[in-house]
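Novice: Give the three-dimensional model of this entry:
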Amino acid sequence: MQKIDVAVIGATGLVGEAILRGLETSGFPVGELYPLASEQSVGDHVFFNGDTCFVEKATTFDYTKVQLVWSAVNDTLARHIIPIAQSAGCIVIDNSSSYRLDDDVPLVIPEINPEAVFEMSEKKIIANPNCSVIQLLMSISPLVNLGCVNRVIVSTYQSVSGVGRTGINDLIDQSHTVLEDSASAGSTYARKTAFNLLPQIGAFESNGYSSEEMKIYTEACKILNRKDIDFVATAVRVPVFFGHAQSVHVDCSQAVNMDSITSAYQRSPGLTLMSELDYPTPHEHGMTQDDVFLGRLRHDHHTMNSINFWSVCDNLRKGAALNAVQIANLLVERDVLQAAK
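Specialist: Numbers count the residues shown, from 1 in each chain. Below is the predicted model:
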């Protein structure tokens, strides 16, 4: 298989590092790998397949050296740097929200809408969905495939690593100050996260929903190409370092046979359905795991047309890096990457 030269923008961040680890184990045919970051990280190094790779500046890198770029930086930086890679003819897999809703940019979860990679336009950008959207759609995909889902109500419990190292460091500092009964530490958020729950991720919009909650609605509809399913979300930041959890209620147009849906879950790639009385937790199943884990699958009290379950996902792996690497493997398997050269 022909080797492909690649770059990772944001290689020193949590998601960038997870992309490197994912590439080491995924079988993707990496030729030369270029880790890129901000000027402050230039000269630092990362390890890849046992080799030391030195970090270069993302804004001045010569992107004609590579065919494929992963971007793992925030929206502002993505809007600035990705056009530079585009102008060099690179395909970009972008983890930010900058391009997700653009009509000419496919939004892809390989287990759910792999055919969307063929919709890549001359922009040559493929967007990686929001971490909670990936987790949610993976967990309801067996029901969606039955064609009976009407409404999904989800409460997300999202770890602080969702905002990067600053979220982790804030939680550590705040936990020390609370336990030591000292002055409060600073916070990335409007309110303290330590020993607390914050039902706000992102700014509130005019309809009362936060931007994170609206991402779940808009991105899910785009990925499924369905506007007839209503997605209602409440997104909560929790004092956990890694792993996102969700409590999900699904209303269906017909009675759900529990044996049939259990069998469908067990056959679905990327999903692990736990035994009837067991359940996943972020500590046990939300770190260094590739699957989305489900537990407590049960009918509604009053109707067989609705089910409830609990899910946990590693937000840095399947919620971000793993999905981005899987998209790249999909491009190779379907000859999209070679055809786009």
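Novice: In three-state terms, label the closest residue to Lys65 other than its chain neighbours for me.
Specialist: Setting aside the residues directly before and after it, Lys65 is nearest to Asp5 in space (CB to CB, 6 or more residues apart in numbering), at 6.1 Å. Glycine gets a C-beta too; all of them are placed from N, C-alpha and C. Using DSSP: H, G, I helix; E, B strand; the rest coil, the structure places Asp5 in strand.
Novice: try Leu36
Specialist: strand.
Novice: mind listing what's buried in stretch 151-160?
Specialist: Along stretch 151-160, the positions that meet the burial threshold by neighbour count (16 or more other CB atoms under 10 Å) are 152-154, 156-160.
Novice: Residues touching that stretch, excluding its own?
Specialist: 131-132, 136, 140, 167-168, 170-171, 193, 201, 212, 216, 220, 229-251, 282, 286, 315 (CB atoms under 8 Å, 6 or more residues apart in numbering).
Novice: cool, stretch 20-31 as well?
Specialist: Stretch 20-31 is contacted from outside by 1-6, 8, 11, 33, 35, 46-49, 317, 321-322, 324-326, 328-329, 332, using CB under 8 Å, 6+ apart.
Novice: Same question for stretch 102-122.
Specialist: With CB under 8 Å, 6+ apart as the test, stretch 102-122 has contacts from 91, 99-101, 123, 125-129, 134, 137-138, 141, 219, 222-225, 268-270, 323, 326-327, 329-331, 334, 336, 340.
Novice: Are any of those residues buried, and if so which?
Specialist: 91, 99-100, 123, 125-129, 134, 137-138, 141, 219, 222-224, 268, 270, 323, 326-327, 329-331, 336.
Novice: Between the buried residues of stretch 151-160, which sits nearest Leu197?
Specialist: Lowest distance from Leu197 to those (CB to CB) belongs to Tyr157, with 8.1 Å.
Novice: Let me see the ranges of the helices in the stretch 101-250 of the chain.
Specialist: Residue ranges of the helices in the stretch 101-250 of the chain, as given by DSSP state H, counting those that start in this stretch, are 131-145, 165-179, 211-224.
Novice: most tightly surrounded among those helices?
Specialist: Ranked by mean neighbour count, the helices of the stretch 101-250 of the chain are led by helix 131-145 with a mean of 23 (mean count of other CB atoms under 10 Å).
Novice: now that helix and helix 211-224, what's the angle there?
Specialist: 40 degrees (axes from the mean of the first three to the mean of the last three CA atoms, to 10 degrees).
Novice: now for helix 131-145, which elements pack on it?
Specialist: Counting contacts by 3 or more CB pairs under 8 Å, 6 or more residues apart in numbering; DSSP states H and E, helix 131-145 packs against strand 149-158, helix 211-224, strand 230-237, strand 244-252, helix 258-267, strand 271-273, strand 292-299, strand 306-313.
Novice: who's in contact with Asn150?
Specialist: Per CB under 8 Å, 6+ apart, neighbours of Asn150: 228-230, 251-253.
Novice: how about a markdown table for these, with pLDDT and neighbour count added?
Specialist: As requested, the contacts of Asn150 are arranged in a markdown table below (pLDDT from 0 to 100; neighbours: other CB atoms under 10 Å):
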| residue | pLDDT | neighbour count |
| --- | --- | --- |
| Asp228 | 93 | 9 |
| Ile229 | 96 | 17 |
| Asp230 | 96 | 13 |
| Asp251 | 97 | 18 |
| Cys252 | 95 | 20 |
| Ser253 | 94 | 11 |
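Novice: can you redo these as JSON lines with distance to Asp291?
Specialist: Below are these laid out as JSON lines (distance: CB to CB, whole Å):
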{"residue": "Asp228", "distance to Asp291": "29"}
{"residue": "Ile229", "distance to Asp291": "24"}
{"residue": "Asp230", "distance to Asp291": "27"}
{"residue": "Asp251", "distance to Asp291": "25"}
{"residue": "Cys252", "distance to Asp291": "24"}
{"residue": "Ser253", "distance to Asp291": "28"}
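Novice: Closest one to Gly208 out of those, please.
Specialist: Checking these against Gly208 by CB to CB gives Asp230 as the nearest, at 15.7 Å.
Novice: where does the stretch 51-200 of the chain have low pLDDT?
Specialist: Along the stretch 51-200 of the chain, segments meeting pLDDT under 70 span 182-190.
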